[in-house]
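**Q** Next one to model:
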Amino acid sequence: MRGLFVGKSQGKSTPGIRREWLYTAIPLTTMEAYNILLANTDILVLKFFVTPDQLAFYFVATKIAALLSFITFAVSATAGKPIAAAYAKGNNAEVQRLMRQFTALAFWPTLIGFVGLMFVGAYLLVLFGDVYAVAYQPLLILTFGLLAQSYTAVTKFGLAMTGGQRGLSIVLIVSLVCNVLFNLALVPIYGIYGAAFATLATTLFSVIGLLVLTKRRLGFWAVAGRPTLNLAS
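**A** Predicted coordinates for the structure are as follows:
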């Protein structure tokens, strides 16, 4: 990514710069594909193994759980630009500080939201009908996965902005393959609970993989620090 900022001053040709932009854009596309497929693979597999009412219960649980994902998405999208700027200047300490502080901005509100859903999740479900209360446990499983994801919220964008595109793409593609396998293994036996656990297992796999990749590339664990709003250096 650093080359995208300094390529012109180094006299790179326009085709060369375009190749670098393409090399950076592909992992970002992979990130979006990962989010979309992870959110829908379980639904597609459930269609073949559970009744329509069970599928409806699970679908509502996923939509309620998705409320927590907006926090991580918003923070991650905001984090990309300053992380890329710090990396372009060769300031690894600033990259580390930014990644941890942005991750904290995602994790702590998500934790509060998770605790809140533990208390009000069942009430939100029954707004759709009393029978939807059976989706409370899958809802908690799904939201715990989102909580774990928020603990390392900006690793995907951080890797994409610091030249770790290839490793990022590999981890996400492998995670998607695992997600399909987990769903096919668990859903026929455990139904909507199996789908929730498959999504959780995939999330934990990708979180650990991206953490290790960040550690090897940048030299630090990109996890949430203490809550703070001070992002200035």
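**Q** does the most centrally placed residue in the chain sit in a helix, a strand or a coil?
**A** Nearest residue to the geometric centre of the chain (C-alpha atoms, centre = their mean): residue 149, 5.3 Å. At residue 149 the chain is in helix, as set by DSSP: H, G, I helix; E, B strand; the rest coil.
**Q** cool, and residue 221?
**A** Assignment for residue 221 (three-state DSSP): coil.
**Q** Could you double-check that it sits in contact with residue 213?
**A** No: distance between residue 221 and residue 213: 11.2 Å, which falls outside the contact criterion (C-beta atoms under 8 Å). C-betas here are computed from N, CA, C, even on glycine.
**Q** Leaving out chain neighbours, which residue sits closest to the residue nearest to the centre of the chain?
**A** With sequence-adjacent residues excluded and distances taken as C-beta to C-beta, 6 or more residues apart in numbering, residue 149 is closest to residue 203, at 5.5 Å.
**Q** Give me the neighbour count for that neighbour.
**A** 20 (other C-beta atoms under 10 Å).
**Q** secondary structure element for it?
**A** Using DSSP states H and E, the element containing residue 203 is helix 192-218.
**Q** Now that helix: average pLDDT?
**A** When pLDDT is averaged over helix 192-218, the result is 95.
**Q** now stretch 223-233
**A** If you average the pLDDT over stretch 223-233, you get 66.
**Q** sorry, back to before: next one: the residue nearest to residue 149 from residue 29, what distance?
**A** Taking C-beta to C-beta, to the nearest Å as the measure, residue 203 falls 20 Å from residue 29.
**Q** burial measure for residue 163, as a count.
**A** Other residues near residue 163 number 18, with proximity taken as other C-beta under 10 Å.
**Q** Can you classify it by secondary structure?
**A** Counting by three-state DSSP, the three-state call for residue 163 is coil.
**Q** Give me the distance between it and residue 170.
**A** As judged by C-beta to C-beta, residue 163 and residue 170 stand 14 Å apart.
**Q** just checking, residue 104 touches residue 222?
**A** No: taking contacts as C-beta under 8 Å, residue 104 lies outside contact range of residue 222: 10.9 Å.
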